[in-house]
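Enquirer: Just a sequence and a predicted model for now, questions to come.
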Amino acid sequence: MEGELCTACWTGNLQLHEGMLVCDVCGSIHQGFAEETQEYQTGISDARFFKKSEGMKAKAKDAAAAEAEPPPPPPVEAAVRAYVGALQQLLQRQAQVLIATLGMDPGLSGVLRQLWLAHLAHSRLLEPATILKLEVLAGPGGGAPAATDGSEGEDGGIDGGGSGGGAMPGQMTFGRRSLRIQAELAPALHPRHTLALLLLACWCQLEAAGPLDVLRWALDGRLPYVAFAAEEGAVLQQYRNILGGELIAVRGVPSPKALLLNASTMGKRLGLACPPLSPALWLARYLADLELSQELLPVALQLHALYQPAPLVPTEGERPGRHPWALLMASLVVAAKLCYGVGGGTRSMPGLPLPPEWADWAPRQLSRLGSAAQLDESQFRAYMQYLQRGLLADCGPPPDLETAHQLFQRMALVDGVGAGGVRQGGSAGSGARHALQREADRQQQQQQQQEQLQEHRAQQEQPPSHAYPFFGASVWHKHRGMLPADYVLLLTPCAALVWLVPEALHELVSGLEQAMIAAECEISFLYNSEDQARLWKCREEGCFR
């Protein structure tokens, strides 16, 4: 085509210019070549379009086929078995700590094993019917019953209708699945149930361990519990969409009252007949914990045997404020009042060692309950590592504070390097001076705070020296009363050991003292002929009238 004669002017030749044939004389474009080029490009574009559309149609067909096929069922049975196995490993480690570290009887392990098997059989978690029920709950429909009377379903109306509403979105299915499975698993088997099983095993073996002791061991890290998510619960992370986070991550510990109620309910459910508590064992332990003389033990035991003769079975508490440990502590407080003359009385045991200074003794005993705040630097670092790796292992900063969290971490690293490496290597003297200066500033600040606190106390109205008011609820339930200061100082640490408020323990002490007074009055009347004659005379005069 190039070099041919132009058909428009018949004088010039056609030259190829920018993909087109142009006449070098008249400048006309060869129409035939332009049309051929356009048809060629159009054919290429159409071929690409058809090829792309065919690929999209194939993908759409594959997606439709995948949607038509039901998704594979979630591994509910494997998740439940892994959950039960993790709790069993946790219970085994707890038993090893009680025997090897805390010095309990080795027979505790066998008793705990029998209790665990009985509780697991009673929960029926591994039975086929329970697994089938959980699989139905984990399905797309969730097994929620339809609300036929216009009320909400069991999930608070999120369904919008019955259980036949079809498949739900994946993000909703996972959340509702875990909530429904948690509602079925948590009442039957939960990490807190291991603490209740430990209590029952200790009571069966007559070990001096109560609810408060188990919770202390769990909180200070000696008893494996709060680090369940970081240790035994690590194998459960693959089933998190099924089990949920509440069953894997332990959120603190229950209260002593809740733990005692849980253990009592579990013992009654299993038909366990726990032996009664040993008064001598527990009273001797309380005297040792309170740093009081062991010579109070015979008096406290005699008071308990005379006025509280019923056996103290730990699983049969009458009320939360009258559990067996509180009754034993009431006997101990009355014995201390009688022997030491607390509350204005006279000492009844001359050979007894002098009582402690109650004003110094009570704060010292109360401070032992919060010993975590009185750690030195190395112990505090170890305690912080335990919190970060155990109790707060699955916690993190919110997304909007992530940058600030990283900044604080870098500042802590720089501070640690400067204190440990650079200051020791190049400028050890400067580091020592800075440390001394910081210590002096800290002492000065503490002194100023103490002075301000003393001034504030001096400005307040001081109670009389012979009385001390209870804060909060009224005493005697009728009117506010004033109690002797030494009696309240004795009562407060004793109440903390049996997880009661001082008012509740004071009620038990008052009840025991009233029983003693009634018994003394009855005995005095029986052996006093004048009182009997006076009563007989009153009866005769009443009958005559």
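Expert: Yep, it's here.
Enquirer: Residue ranges of each domain in this protein, please.
Expert: Here the domain parsing of the chain from automatic domain parsing is 14-68, 76-143+169-269, 276-367+464-545.
Enquirer: first to last residue in the second one, what's the distance?
Expert: Counting by C-alpha to C-alpha, to the nearest Å, you get 27 Å between the two ends of domain 76-143+169-269.
Enquirer: for the record, mean pLDDT for that domain?
Expert: The average pLDDT within domain 76-143+169-269 is 85.
Enquirer: Measure how buried the residue lying closest to Thr101 once chain neighbours are set aside is and give me the count.
Expert: Using C-beta to C-beta, 6 or more residues apart in numbering and skipping residues adjacent in sequence, the residue nearest Thr101 is Arg222, 6.4 Å away. (C-beta placed from N, C-alpha, C; glycine too.) Neighbour count of Arg222, defined by other C-beta atoms under 10 Å: 14.
Enquirer: One more: Pro191?
Expert: 25.
Enquirer: what's near enough to touch it?
Expert: By C-beta atoms under 8 Å, 6 or more residues apart in numbering, the residues touching Pro191 are Leu87, Leu90, Tyr225, Phe228, Leu247, Val250.
Enquirer: out of the residues you listed, who's nearest Cys6?
Expert: Leu247 (88.7 Å; C-beta to C-beta).
Enquirer: one step back: so can I have a markdown table of the domains of the chain showing distance to Thr7?
Expert: Shown next, in a markdown table, are the domains of the chain (distance: least, C-beta to C-beta, whole Å):
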| stretch | distance to Thr7 |
| --- | --- |
| domain 14-68 | 8 |
| domain 76-143+169-269 | 68 |
| domain 276-367+464-545 | 112 |
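Enquirer: Single out the most deeply packed of the ones you listed.
Expert: domain 76-143+169-269 (a mean of 18; mean count of other C-beta atoms under 10 Å).
Enquirer: Grab the nearest non-local neighbour of Glu316.
Expert: Ser264 (7.3 Å).
Enquirer: Now do the one you found against Gly252, distance only.
Expert: For Ser264, the distance to Gly252 (C-beta to C-beta, to the nearest Å) stands at 21 Å.
Enquirer: what about Gln15, which SS state?
Expert: Counting by DSSP: H, G, I helix; E, B strand; the rest coil, the backbone at Gln15 sits in strand.
Enquirer: so which two of the contacts of Pro191 are the farthest from each other?
Expert: Of all pairs in these, the most separated under C-beta to C-beta is Tyr225 and Leu247 at 14.2 Å.
Enquirer: Tell me the spatial nearest neighbour of Gln365, not counting adjacent residues.
Expert: Pro493 (3.7 Å).
Enquirer: I meant to write Gln89 there.
Expert: Per C-beta to C-beta, 6+ apart, closest to Gln89 is Glu232, 5.0 Å.
Enquirer: Touching, that neighbour and Val84? I think so.
Expert: No - the criterion here is C-beta atoms under 8 Å, and Glu232 misses it with Val84 at 11.3 Å.
Enquirer: Closest one of the contacts of Pro191 to Leu328?
Expert: Nearest member of these to Leu328, counting by C-beta to C-beta, is Tyr225, at 26.5 Å.
Enquirer: I'd like to know how far Gln532 sits from Val84.
Expert: Relative to Val84, and taking C-beta to C-beta, Gln532 is found at 70 Å.
Enquirer: With Leu483 instead?
Expert: On the measure of C-beta to C-beta, Leu483 and Val84 end up 52 Å apart.
Enquirer: nearest residue to Thr196 other than its sequence neighbours?
Expert: You called it Thr, but residue 196 is Ala. Using C-beta to C-beta, 6+ apart, the closest residue to Ala196 is Ala263 (4.1 Å).
Enquirer: part of a strand, is the one you found?
Expert: No - looking at Ala263 with three-state DSSP, it is helix, so not inside a strand.
Enquirer: my guess is it contacts Thr315, does it?
Expert: Yes - using C-beta under 8 Å, Ala263 is in contact with Thr315, at 6.9 Å.
Enquirer: Quickly list what's touching both of these two.
Expert: Joint contacts of Ala263 and Thr315 (C-beta under 8 Å, 6+ apart) are Leu200.
Enquirer: in the stretch 251-400 of the chain, which segments are predicted with low confidence?
Expert: 317-321, 345, 347-348, 369-380, 383, 386-395 (pLDDT under 70).
Enquirer: Quick one: the helices in it, in order.
Expert: 256-269, 279-290, 297-307, 324-340, 358-367, 377-386 (DSSP state H, counting those that start in this stretch).
Enquirer: packing partners for the third one?
Expert: In this structure, helix 297-307 packs against helix 279-290, helix 324-340, helix 502-526, with contacts taken as 3 or more C-beta pairs under 8 Å, 6 or more residues apart in numbering; DSSP states H and E.
Enquirer: can you list those in TSV and add distance to Leu125?
Expert: Formatted as TSV, those follow (distance: least, C-beta to C-beta, whole Å):
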stretch	distance to Leu125
helix 279-290	36
helix 324-340	32
helix 502-526	38
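Enquirer: what about those, which gets the closest to Leu215?
Expert: It's helix 324-340; of these, that one is closest to Leu215 (C-beta to C-beta) at 13.5 Å.
Enquirer: hmm, back to that, ok, the contacts of Pro191 vs Ala359, which is closest?
Expert: Nearest member of those to Ala359, counting by C-beta to C-beta, is Tyr225, at 36.8 Å.
Enquirer: Could you pull out the strands in the protein for me?
Expert: With DSSP state E, the ranges of strands along the chain come out as 14-17, 20-23, 468-469, 482-483.
Enquirer: Least reliable of those strands by average pLDDT, please.
Expert: strand 468-469 (a mean of 40).
Enquirer: related to what we said a few turns ago, who's in contact with the residue nearest to Ala196?
Expert: Ala196, Leu199, Leu200, Pro211, Pro314, Thr315.
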